[in-house]
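**Q** Here you go, sequence then predicted model.
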Amino acid sequence: NKMVYYFGKTKTEGKGKAKNLLGGKGLNLAEMTSIGLPVPPGFTITTDVCDQYYKSGEQLPSGLMADVGKAVKTLEKELGKKFGDNKNPLLVSVRSGAAVSMPGMMNTILNLGLNDESTEGLAQATDNARFAYDAYRRLINMFGDVVMGMDHHQFEQAFDKVKKKYKVTDDTEVPAEGLKELCVAYKEVYKKHTGEIFPQDPFAQLELAIKAVFGSWNTDRAVKYREIENIRHLLGTAVNVQSMVYGNMGDDSGTGVAFTRDPNTGKNKFYGEFLINAQGEDVVAGIRTPQPVAEMPKWNRAIHKQLLEIKDTLETHYTEMQDIEFTIERGTLFMLQTRTGKRTGLAAVKIACDLVKEGLIDEKEAIMRVPAEALTQLLLPSFKPTARNAAEVLCKGINASPGAAVGTLAFTAEQARESKDAGENVILVRRETSPEDVDGMSAAVGILTSTGGATSHAAVVARGWGKCCVAGASDVQINEKAKKIVVNGKTLTSKDVISLDGTTGEVMVGAVETQEPTLSGDFAKLMKWADKYRTLMVRTNADSPADSKRARGFGAEGIGLCRTEHMFFEADRITHMRAMILASDEDARRTALTKLLPFQRKDFEGIFKAMKGLHVTIRLLDPPLHEFLPHDAAAQKEVAAQLGVKPAEIKERSAALHEANPMLGHRGCRLSITYPEILEMQVRAITEAAISCAKKKIDAHPEIMIPLVGTFQELATLRAKVEETIEATKAAKKYTGKLDILIGTMIEIPRACLTADQVAEHADFFSFGTNDLTQMTFGYSRDDIGGFLPDYLEHEILESDPFQALDQTGVGQLVDMGVAKGRKTKPALKIGICGEHGGEPSSIDFCHRAGLNYVSCSPFRVPIARLAAAQAAI
Ligand code: ADP
Ligand code: MG
Ligand code: MG
């Protein structure tokens, strides 16, 4: 297997190869080279080598360093420089780069190849001794850090000593002589802490650096990042060895990071930042605050123009918005990286629509470009304008990632995690975030930093997660130890609440009220395209007229699940419900149920009206009855008083209803078998509501769904009861017109899937209840999985929480079987899904392939489901 791929004028071996092999950075360096962009030449060591490295107990495969040596030879020839030379030395960077970008998670070493001799050579070649020794001391420091695992602080003392000697305070004021002395001092520090001499052989440096980059693949923070981002099945990182260019050679040099379009809004405007006379990571690390690229023409008009041309070249080549890194060495521009730019959901939609308009991609491609999950961000709340105007603005930072976040202050990642676990909303406040903070960032609802710009680590990570972030709010003085911030004379602690506006960059005191979003024209356009290509229908889970209306606004094409039990919990109803449960005989039960009937009828009428013309699936009572009774003594006493019974009676009934395994107990259709009068009341309410709608010319289509069926006999018995009740209700109401009422069942018990051909004989429709189906197939209690799921995920026993993403391998087989057997009996059987999975993209993809007619999900997820359904169909 080829281990090393060269890119440069001599040859570009990686062009068109797989990202999995070369990593994103390596592949794109090859691509950029091949389309003629100015890329410093270099070579990429494959991810496969990283895999071998780990498999052989952290040993580089034999022959690798020989191949590296050959590639270095080619570089030397191409550039007319020599590695370790005492006249004009070749220096390289050693950069990590996996197939999936992990910003700032892994290591990079710059200026590699310097030693005592070549530093002298660099000084001569560039006629700049200060620059050369500055590069050398940076290398020793970085090499000590990254390769030898030294602590950065171990070098600081030596630097302070030199600064003192030359009576300066800033690093940049130390003269060449001082830096030369510093290099000597650094080498001593290095030797003291590592027990070794700083390697003078550039190939020895290179070999150690390559190993260190491979090593950075498995640092805690990198592992954590992959866990949070759910990145799996990668071989490892590639290593890119690239000839150095210098952005720190003076005021005609610089370095920058930019997006070809605005990653917040999607506007087609070059967006980014640069720093004059700076090297490498100064921009990304957020140490100095850079200038926006819009200011660049004032500094160097030609470079700015060239960057705009490169923007077009890249977008035409990749037909996609790019995130680039560049460096200017003495007025010459070099491209160091390009990748697909992370963006907000809002920007993703706008960019996809604009690229269609510009003729770069077609509608189908546009649909595929927007991650369905990202739409959540468009559906995110913002601050109410009135509340905003009234709010006290503490200070303003850079609007790094949009949205509205309200929470208490957390000063460390650990604190953020702890408070979040305690159920609090927290805002993580840091000077700047580093990759070690990712866990805390993930726990926080918003992120506030006092330094760094819109391309700092905090900003990039927050945007990727759709999390609100205000960066570089320099008025915020953070005291991490004392856990407080001082902003313009005001002190706030962990107890205080602030509100962050990621769209404007403002930081406000207290909890500012938020509001629902309004959707843009591009959003509507994308949804229209999605509707054109998808074949799955999208319904919603709703049990109130308000939710139904909202879901319809989001494009719901009916209700897939209306849970009737929610309707019994309101104060005016629960008493009747409890009276019904406490009743000692059927007559008493019927009396109580009669009181519940008008409430149910009114609810159904409201929902039918909101959903007029569309189907509404109503599930008959599902939970075990004890859920409606109070459990502690005080509440039992209170309820007893309300119902005019003795507290002991409630206690007794509650005890009698107690079950060892309530989820496998007396619930679902089993309730209706024992207490048919409950079913009768509900069916009567549905029928009366339908009749009332018919009279008002409201087009209602109820579907009565019987839950938890495991045998066809259950369904046959209850179906007969339902039909009987519908007829009786019509007769009582003297209604002779037609009513469109279907009777079907939930398929949520494995046995129902196994016998779906029999069940289908008695069903007008099936709806997979994949929550229970998952619970019963795995034998995992939904309510108790939290106890062991984290371990299962950590040990990769499970890939993901099966209650979030449908287990296609196992549970999926039961769904497939249920569909096949059901349709064998009734070819046109209407089949949907109504569990949580109905709004999750990978599960929706499965539902499409399984041949379902519709998915059903919560109102806010309807647009996500529409898009995911289209993506499944394309
Ligand atoms: P990351 O993946 O963390 O962004 P990179 O490998 O991109 O790390 O390196 C970080 C920065 O180092 C780059 O943005 C660039 O500015 C600088 N850098 C890397 N290689 C070179 C090089 N060959 N010449 C000049 N600067 C470089
Ligand atoms: Mg980079
Ligand atoms: Mg269920």
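**A** Cool, the structure landed. Remember, it's a predicted structure, so these values are computed and weren't measured experimentally. Numbers count the residues shown, from 1 in each chain. Ligands and ions are numbered 1, 2, ... in the order given.

**Q** Show me which residues of the protein are close to ligand 3?
**A** 748, 769, 772 (C-beta under 5 Å from the ion). Just so you know, the C-beta spots here come from the backbone N, C-alpha and C atoms, and that holds for glycine as well.

**Q** Inside helices: which ones of these?
**A** Of the residues of the chain next to ligand 3, the ones assigned to helices by DSSP state H are D772.

**Q** residues near the closest residue to ligand 3 within the stretch 501-650 of the chain, how many?
**A** Going by C-beta to the ion, ligand 3 is nearest to D622 of the stretch 501-650 of the chain, at 6.1 Å. Using other C-beta atoms under 10 Å, D622 is surrounded by 21 other residues.

**Q** Assign it to helix, strand or coil.
**A** coil (DSSP: H, G, I helix; E, B strand; the rest coil).

**Q** what's it in contact with, if anything?
**A** Neighbour list for D622: 563-565, 667-668, 671, 707-708 [criterion: C-beta atoms under 8 Å, 6 or more residues apart in numbering].

**Q** Likewise for D85?
**A** The contact partners of D85, by C-beta under 8 Å, 6+ apart, come to 117-118, 121.

**Q** List buried residues within the contacts of D622.
**A** Neighbour-count burial (16 or more other C-beta atoms under 10 Å) applied to the contacts of D622 gives 563-564, 667-668, 671, 707-708.

**Q** per the record, what domains does the protein have?
**A** For the chain, automatic domain parsing gives the domain ranges 4-244, 245-343, 380-515, 535-565+600-622+676-873.

**Q** and the residue in the stretch 201-350 of the chain positioned nearest to ligand 3, backbone torsions?
**A** Here the residue of the stretch 201-350 of the chain nearest ligand 3 is N230; by C-beta to the ion that distance is 26.9 Å. Dihedral pair for N230: phi 60, psi 50, per degrees, to the nearest 10.

**Q** That one contacts S800, doesn't it?
**A** Yes - counting by C-beta atoms under 8 Å, N230 does reach S800; the two are 7.1 Å apart.

**Q** quick one, which of the two is more surrounded?
**A** S800 (16 against 10).

**Q** Look at that one and tell me its secondary structure.
**A** Three-state assignment for S800 (three-state DSSP): coil.

**Q** and the lowest-mean-pLDDT helix or strand in the chain, C-alpha only, in PDB?
**A** The weakest-scoring helix or strand in the chain, judged by mean pLDDT, DSSP states H and E, is helix 457-465 (a mean of 76). Extracted in PDB, the C-alpha atoms of helix 457-465 (Å, rounded to 0.1, in the frame of the first residue of the first chain):
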ATOM      1  CA  HIS A 457     -12.400  28.000  18.500                       C
ATOM      2  CA  ALA A 458     -15.500  28.900  20.500                       C
ATOM      3  CA  ALA A 459     -17.200  30.500  17.500                       C
ATOM      4  CA  VAL A 460     -16.500  27.600  15.100                       C
ATOM      5  CA  VAL A 461     -17.600  24.900  17.500                       C
ATOM      6  CA  ALA A 462     -20.700  26.800  18.700                       C
ATOM      7  CA  ARG A 463     -21.900  27.400  15.100                       C
ATOM      8  CA  GLY A 464     -21.400  23.800  14.200                       C
ATOM      9  CA  TRP A 465     -23.700  22.900  17.100                       C
END
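
**Q** List the contacts of that helix.
**A** By C-beta under 8 Å, 6+ apart, the surrounding residues in contact with helix 457-465 are 103-104, 263-264, 284-286, 342-344, 398, 400-401, 430, 432-435, 437-438, 441-442, 447, 449, 452-453, 468-469, 471, 502.

**Q** go with 6 Å
**A** 103-104, 342, 344, 400-401, 433, 441, 447, 449, 469, 471 (C-beta atoms under 6 Å, 6 or more residues apart in numbering).

**Q** what kind of secondary structure is L492 in?
**A** Per three-state DSSP, L492 ends up strand.

**Q** Quick check: the gap between it and ligand 3.
**A** 46 Å (C-beta to the ion, to the nearest Å).

**Q** which element is F274 on?
**A** strand 271-276 (DSSP states H and E).

**Q** Counting neighbours, which of the residues of the chain next to ligand 3 comes out on top?
**A** Highest count within the residues of the chain next to ligand 3 by other C-beta under 10 Å belongs to E748, 28 neighbours.

**Q** what's the distance between that residue and ligand 2?
**A** For E748, the distance to ligand 2 - C-beta to the ion - is 48 Å.

**Q** Go ahead and confirm that residue touches G769.
**A** Yes - between E748 and G769 there is a contact under C-beta atoms under 6 Å: 3.3 Å.

**Q** Could you tell me which of the buried ones among the contacts of D622 belong to helices?
**A** L671.

**Q** most remote residue from this protein's center?
**A** No residue in the chain sits farther from the centre than K734, which is 55.7 Å out by C-alpha atoms, centre = their mean.

**Q** So it lies in a helix, does it not?
**A** No - under three-state DSSP, K734 falls outside any helix and is assigned coil.

**Q** could you measure it against ligand 2, distance?
**A** 77 Å.

**Q** Just want the phi and psi numbers for that residue.
**A** Dihedral angles (degrees, to the nearest 10) for K734: phi 50, psi 40.

**Q** just I324 next, same as before
**A** phi -120, psi 160.

**Q** Hmm, it is touching R339, no?
**A** No - if you go by C-beta under 6 Å, I324 and R339 don't touch, sitting 8.1 Å apart.

**Q** Who has more neighbours out of these two?
**A** I324 (24 against 19).

**Q** For the residue nearest to that one when sequence neighbours are not counted, grab phi and psi.
**A** Closest residue in space to I324, ignoring its immediate chain neighbours: T338 at 4.8 Å, by C-beta to C-beta, 6 or more residues apart in numbering. Main-chain dihedrals, T338, degrees, to the nearest 10: phi -150, psi 150.

**Q** Please apply the same query to S382.
**A** phi -130, psi -180.

**Q** I'd like to check which residues are in contact with the closest residue to E586 other than its chain neighbours.
**A** Closest residue in space to E586, ignoring its immediate chain neighbours: E677 at 6.3 Å, by C-beta to C-beta, 6+ apart. With contacts defined as C-beta under 6 Å, 6+ apart, E677 is in contact with 589-590, 593.

**Q** Most neighbours among the residues you listed, which one?
**A** Most surrounded of these: other C-beta under 10 Å gives L593, at 23 neighbours.
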